[in-house]
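Okay, here's the prediction I keep looking at, along with the sequence it came from:
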Amino acid sequence: PAAEEFFFRGRLVPFLLHRLGRGSAWSLSTLAFAAAHGDPNQALVALPLGMLLGWLRLSGSGVGVCILVHQAHNILFLAGGPTLIGEPWAGLILAIAGVLCIALAWRWPGRAVGSFELAATSCLAALALISATYPTYQRVQERLWITAMHRAVAYGLLPDHIVLERIDKLCTRGMLDSRRRSALAQALGARPCRSFNRQVWVVGRIAPDRMSAGDEEDAYQRLHTLGCCPVTHVASHGDAARTLGLAHPLAFAQVAKWAPPEVLRWWMPLPEGSAQVLAQIEASSGMARTMLLESLELSYPARVADVLMQLPIDRITATDRAHLRAHCPDLDERLDELALSDPLRAQVFRQPDTAGER
């Protein structure tokens with residue numbers, strides 16, 4: 001703030017005042033101050049601040065007062081920005097504080113001339129106070145940030161795909177770290193989004209380990225919602241889908257059966273996700289296992305056999321053998337090769353099915 005005030009209000013305003021007059025000095029210095037911030041959003045915030053600071057300077061206030069007001073604005077903006085979203089009533093308090101600041105500047109415009117020492121001392125005192133209370137400030141700021149983020153996600157009017165894109169960016173940039181994701185998921189659990197779809201998509205993205213369902217029907221609804229997510233975000237829900245799938249294999253198999261093949265490829269990538277695919281197959285049984293294997297075959301033609309061959313011997317079922325016989329033309333050759341390194345496993349895969357074994 002000091003460098004900006006020395007240039008814009010300390011040098012630019014007097015320069016323009018002597019050459020173009022009071023009105024032009026006020027308007028042009030304000031526009032230059034806003035443009036210097038570069039980003040359009042920051043420029044919109046800087047514009048009214050520049051108008052206030054220019055008016056103070058032209059009313060007789062010194063550069064020191066401008067520095068003090070500028071610094072006070074920055075502190076209020078950093079501390080109160082998330083508050084305005086998290087606690088809307090705070091806007092009234094900040095507005096009253098702003099009116100009081102303007103009233104005081106209007107009441108004593110002349111006394112502020114040459115008060116740089118006072119402004120510098122006040123800034124140093126404020127810096128010392130902030131340093132001493134920073135841990136508390138950080139905790140409060142963190143709570144306000146989570147509250148603001150929760151309100152924007154749960155009750156905001158932005159479209160779902162915009163919300164998901166912003167969450168992805170925050171996660172990528174590290175601003176939404178594991179601690180914040182856990183706190184936001186907890187807040188969403190206590191006060192869910194108005195939209196069920198958004199609730200599932202957001203929680204599935206920030207806290208997949210928290211994905212749970214009361215029964216198979218609830219799990220089906222949640223998995224169905226994850227599968228219907230805007231296409232650019234389906235892949236990021238793989239962990240959430242697998243968490244639900246292990247707990248509710250029948251619902252997972254049912255969703256996998258109707259979903260497009262690419263959804264299952266996003267949720268269970270091969271070959272890097274072989275361990276997750278194996279875990280899901282082992283968690284499934286009966287009809288759920290049959291449907292899951294058929295869906296995997298559609299997504300990964302002729303590649304499911306490689307995964308089934310890795311099943312623990314005691315987890316190989318008649319369903320797996322039937323699937324291999326139906327979809328693996330070179331099964332005998334592969335089992336002959338397997339028998340050289342693991343004869344017991346090859347024998348289990350060659351074992352004939354008995355009635356009712358599946």
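Everything's here; your move.

Low-confidence stretches in the protein?
Applying pLDDT under 70 to the chain flags residues 39, 41, 76-135, 137, 231-235, 353-358.

Got the domain ranges for it?
Split into domains by automatic domain parsing, the chain comes to 2-132, 211-358.

Between those, which one is closest to His150.
His150 sits nearest to domain 2-132 of all the domains of the chain, at 7.9 Å, using Cβ to Cβ. Placement of C-beta: from N, CA and C, glycine included.

Would you mind giving the domains of the chain as JSON lines with distance to Thr172 added?
Below are these laid out as JSON lines (distance: least, Cβ to Cβ, whole Å):
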{"stretch": "domain 2-132", "distance to Thr172": "19"}
{"stretch": "domain 211-358", "distance to Thr172": "10"}
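
Out of those, the one nearest Cys171 is which?
Nearest to Cys171, of the domains of the chain and by Cβ to Cβ, is domain 211-358 at 8.5 Å.

ok, which stretches of the stretch 201-350 of the chain are helices?
216-227, 238-247, 249-258, 261-267, 274-283, 286-299, 304-308, 318-327, 331-341, 343-350 (DSSP state H, counting those that start in this stretch).

and the last one, what other elements does it pack with?
Using 3 or more Cβ pairs under 8 Å, 6 or more residues apart in numbering; DSSP states H and E as the contact criterion, the neighbours of helix 343-350 among helices and strands are helix 318-327, helix 331-341.

Tabulate those helices in TSV, adding columns for mean neighbour count.
Below are those laid out as TSV (neighbours: other Cβ atoms under 10 Å):
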stretch	mean neighbour count
helix 318-327	18
helix 331-341	13
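
between those helices, which one is nearest to Leu164?
Of these, the one closest to Leu164 (Cβ to Cβ) turns out to be helix 318-327, at 35.8 Å.

Which elements pack onto that closest one?
So helix 318-327, by 3+ Cβ pairs under 8 Å, 6+ apart, packs with helix 286-299, helix 304-308, helix 343-350.

if you set the cut-off to 10 Å instead, what comes out?
helix 274-283, helix 286-299, helix 304-308, helix 331-341, helix 343-350 (3 or more Cβ pairs under 10 Å, 6 or more residues apart in numbering; DSSP states H and E).

measure the most centrally placed residue in the chain to Arg242 for me?
Nearest to the geometric centre of the chain sits Ile167, at 2.4 Å (Cα atoms, centre = their mean). For Ile167, the distance to Arg242 (Cβ to Cβ, to the nearest Å) stands at 20 Å.

same check, this time on Pro271
Pro271 is 16 Å from Arg242, where distance means Cβ to Cβ.

okay, the two: which has more neighbours?
Arg242 (21 against 10; other Cβ atoms under 10 Å).

what's the closest residue to the more buried one other than its chain neighbours in contact with, if anything?
Leaving aside its sequence neighbours, Arg242 sits nearest to Gln276 (Cβ to Cβ, 6 or more residues apart in numbering; 5.5 Å). Neighbour list for Gln276: Gly238, Asp239, Ala241, Arg242, Gly245, Leu246, Trp267, Met268, Pro269, Leu270 [criterion: Cβ atoms under 10 Å, 6 or more residues apart in numbering].
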